[in-house]
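> here is a sequence together with a model predicted from it:
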Amino acid sequence: MNHTVQTVFSPVNSGQPPNYEMLKEEQEVAVLGAPHNPAPPTSTVIHIRSETSVPDHVVWSLFNTLFMNPCCLGFIAFAYSVKSRDRKMVGDLTGAQAYASTAKCLNIWALILGILMTILLIVIPVLIYQAHR
């Protein structure tokens, strides 16, 4: 292999010795050789679609439907959860997230109201029992 080193000094540095970076660059050019293709390198970008996990809250909705179902909120949340799962299977992640958000909100309200009703169903009879003693 034929290696040639071309020393190029700019007019500004003509009276000064070359610095380390310039010598290193010249040495790299000598070892690697000059580029054969003057065109800029092209790059290929591959977009890999990540599997975005959209929770559909079906199990939570089913639990609220079977055990704590005040004002049928658990059943309505279950319907939205199933719609969310259907949208996810079709590939509509935006629609799936919208239905899942509604199902989550309904599940939260069903859980809060169910807990409050359970507490009241325990506290009120105890208060009535203590009042009659």
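Yep, that arrived.
> so Lys88 touches Ala98, yeah?
No - under the criterion of CB atoms under 8 Å, Lys88 is not in contact with Ala98, lying 11.4 Å apart. Just so you know, the C-beta spots here come from the backbone N, C-alpha and C atoms, and that holds for glycine as well.
> okay, those two: which has more neighbours?
Lys88 (20 against 16; other CB atoms under 10 Å).
> and the closest residue in space to Ser84 that isn't next to it in sequence, how many neighbours?
Spatial nearest neighbour of Ser84, chain neighbours left out: Tyr99 (3.7 Å); criterion: CB to CB, 6 or more residues apart in numbering. By the criterion of other CB under 10 Å, Tyr99 has 24 neighbours.
> what helix or strand does Tyr99 sit in?
helix 93-131 (DSSP states H and E).
> can you check Ile76 too?
Taking DSSP H and E as the definition, one finds Ile76 inside helix 73-90.
> same question for that helix, mean pLDDT?
Model confidence over helix 73-90 averages 94 on the pLDDT scale.
> packing partners for that helix?
With contacts defined as 3 or more CB pairs under 8 Å, 6 or more residues apart in numbering; DSSP states H and E, the packing partners of helix 73-90 are helix 58-66, helix 93-131.
> list the buried residues for the shortest one?
By that I understand helix 58-66. Within helix 58-66, the residues that qualify as buried are 58, 60-65, counting by 16 or more other CB atoms under 10 Å.
> over to Met68. Which of the three states is it?
coil (DSSP: H, G, I helix; E, B strand; the rest coil).
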